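A.B. asks: the sequence and its predicted three-dimensional model are supplied below.
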Amino acid sequence: MADSQKKLTIIKPDDWHLHLRDHNALRTTVPFACRGFGRGIIMPNLVPPVVTVDLAIKYKQRILANIPDSSSWSPLMVLFLTDLTSPEEIYKAHDSKAIFGAKLYPAGATTNSETGVTDLRKLTKTFEAMEEVGMVLQIHGESTEKGVDIFDREPVFIEKTLKPLVEKFPELKISLEHITTLDSVEYIMNQSDTVYGSITPQHLLFNRNDMLVGGIRPHLFCLPILKRERHQQSLIKAATSGNKKFFLGTDSAPHSKDKKENACGCAGCYSHLSAIELYAEIFDQLNSLDQLENFASKNGPDFYGLPYNDSFITLKKHKWTIPSSIKYMDTTLVPLGADMQLNWQLVQ
Ligand code: NCD
Ligand code: ZN
């Protein structure tokens with residue numbers, strides 16, 4: 001085997017969507033978030049959520065205290081939008097140089113989003129301020145309208161909410177987070193340069209049959225929920241195509257084993273034990289490893305207007321198995337792909 005088939009070196013990737021939780025959880029989640037990544041966009045859905053610049057900066061300090069000495073990783077903080085987020089808070093966020101976006105959760109769409117936005121019209125001045133300073137709006141794109149089927153929430157959101165939003169604010173930089181459908185892929189591809197999308201490893205590797213056929217697999221349950229196979233295929237094509245509008249965002253979201261394996265299980269997949277390798281696996285299957293660097297290391301910084309990382313990572317072709325669980329505070333955490341064998345491994 002030629003050396004190029006055994007090793008792959010790329011510019012260090014970034015993770016444009018991840019959840020670290022807070023306090024003691026950071027002892028586990030921060031070191032894993034640094035694994036293979038230069039920067040990470042830190043989701044603000046804490047309890048209570050990160051609704052102000054001051055709260056974001058304090059949260060950042062708690063994160064920084066848990067970064068291993070050997071790592072140069074940096075957390076990029078995000079504001080949680082509510083109906084009350086003011087334009088002044090956006091200007092303050094911009095001036096702080098610590099905030100890299102504001103996250104729109106439709107109220108109740110997902111974990112810890114109850115105080116999210118109930119009516120976008122309340123944020124007209126706030127979106128105008130974001131447009132003015134060039135701040136990215138990260139969107140959890142699911143309709144919360146009563147009666148909308150859980151598998152249709154993303155396309156309904158695009159039609160009823162995203163399209164009017166993009167028309168009203170044509171200069172607003174929008175990242176449609178963790179896209180899961182062909183509808184999102186097509187919508188993003190047909191938009192001007194302001195609308196991009198991030199893609200998780202779970203939505204590339206699995207579809208709803210993997211989650212439900214032969215028994216329910218709670219560790220594959222996340223939001224937006226896994227969709228049917230043709231949607232999975234459209235995401236794989238978008239990610240591996242080299243199209244600059246799609247980039248890496250793991251949505252790694254830890255919930256303890258007991259909260260996942262539960263009569264009312266939490267939504268979220270924890271992928272940071274093997275995130276870059278899970279993506280490499282898919283790109284390899286599609287013979288597209290030459291596109292991994294664009295997706296993982298270049299398209300995201302280009303969208304956010306940030307430089308590429310100035311270091312590199314190497315993946316080697318080497319079989320290894322994702323652990324079945326790890327310790328997490330006083331409980332355990334089951335990673336995405338637990339016990340799965342991978343063909344690529346990050347050289348640490
Ligand atoms: C996330 C979490 O647990 O915070 N869960 C998930 O299923 N993705 C929230 C989110 O990003 O939707
Ligand atoms: Zn998320």
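C.D. replies: All right, it came through fine. Keep in mind that this is a model prediction, so the values were computed, not measured. Ligands and ions are numbered 1, 2, ... in the order given.
A.B. asks: which phi and psi does residue 331 have?
C.D. replies: The phi and psi values for residue 331, taken as degrees, to the nearest 10, are phi -140, psi -160.
A.B. asks: now the nearest residue to it once chain neighbours are set aside: phi and psi?
C.D. replies: In space, and not counting its chain neighbours, residue 331 is closest to residue 256: 4.2 Å by CB to CB, 6 or more residues apart in numbering. The way it works is simple: take the backbone N, C-alpha and C, and place the C-beta from them, glycine included. Note on residue 256: backbone dihedrals following degrees, to the nearest 10 are phi -60, psi 160.
A.B. asks: ok, how many other residues are close to residue 55?
C.D. replies: A total of 17 residues lie near residue 55 under the criterion other CB atoms under 10 Å.
A.B. asks: confidence score at the residue nearest to residue 331?
C.D. replies: What the model reports for residue 256 is a pLDDT of 98.
A.B. asks: same deal with residue 2?
C.D. replies: For residue 2, pLDDT reads 54.
A.B. asks: next one: residue 5
C.D. replies: Reported pLDDT for residue 5: 78.
A.B. asks: state the helix or strand in which it lies.
C.D. replies: helix 3-6 (DSSP states H and E).
A.B. asks: hmm, back to that, which residues sit in contact with the residue nearest to residue 331?
C.D. replies: If a contact means CB atoms under 8 Å, 6 or more residues apart in numbering, then residue 256 has 328-329, 331-333 as its contacts.
A.B. asks: which residues of the stretch 151-300 of the chain fall in strands?
C.D. replies: 174-176, 195-199, 246-248 (DSSP state E, counting those that start in this stretch).
A.B. asks: nearest to residue 14, of those?
C.D. replies: strand 246-248 (7.2 Å; CB to CB).
A.B. asks: for the closest one, packing partners?
C.D. replies: Applying 3 or more CB pairs under 8 Å, 6 or more residues apart in numbering; DSSP states H and E, we find strand 246-248 packed against strand 15-18, strand 195-199, helix 299-304.
A.B. asks: quick one, helices of the stretch 51-200 of the chain?
C.D. replies: Ranges of helices within the stretch 51-200 of the chain are 53-64, 87-96, 124-133, 153-157, 163-168, 182-189, based on DSSP state H, counting those that start in this stretch.
A.B. asks: let's have the ones you listed in JSON lines, adding distance to ligand 1 and mean pLDDT.
C.D. replies: Converted to JSON lines, these look like this (distance: least, CB to the nearest ligand atom, whole Å; pLDDT from 0 to 100):
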{"stretch": "helix 53-64", "distance to ligand 1": "14", "mean pLDDT": "98"}
{"stretch": "helix 87-96", "distance to ligand 1": "20", "mean pLDDT": "98"}
{"stretch": "helix 124-133", "distance to ligand 1": "20", "mean pLDDT": "98"}
{"stretch": "helix 153-157", "distance to ligand 1": "11", "mean pLDDT": "98"}
{"stretch": "helix 163-168", "distance to ligand 1": "19", "mean pLDDT": "98"}
{"stretch": "helix 182-189", "distance to ligand 1": "15", "mean pLDDT": "98"}
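A.B. asks: return the most buried member of the ones you listed.
C.D. replies: Of all the helices of the stretch 51-200 of the chain, helix 153-157 carries the top mean neighbour count, a mean of 22, counting by mean count of other CB atoms under 10 Å.
A.B. asks: what comes into contact with that helix?
C.D. replies: Against helix 153-157 from outside (CB under 8 Å, 6+ apart): 106, 109, 141-145, 148, 179-181, 183-184, 224.
A.B. asks: which members of those residues are the farthest-apart pair?
C.D. replies: The span of the contacts of helix 153-157, defined through CB to CB, is set by 145 and 179 at 19.3 Å.
A.B. asks: higher neighbour count, those two?
C.D. replies: The neighbour comparison of residue 145 against residue 179 (other CB under 10 Å) goes to residue 179, with 29 against 12.
A.B. asks: measure the more buried one to residue 36 for me?
C.D. replies: According to CB to CB, to the nearest Å, residue 179 and residue 36 sit 22 Å apart.
A.B. asks: quick revisit: now, among the contacts of helix 153-157, which is nearest to residue 310?
C.D. replies: Nearest to residue 310 among those, with distances taken as CB to CB, is residue 179, at 29.1 Å.
A.B. asks: contacts only, for that closest one.
C.D. replies: Applying CB under 8 Å, 6+ apart, the residues near residue 179 are 141, 154, 185, 188, 197-199, 203, 235.
A.B. asks: now residue 254
C.D. replies: Residue 254 neighbours (CB under 8 Å, 6+ apart): 19, 21, 25, 28-29, 268, 270, 328, 333.
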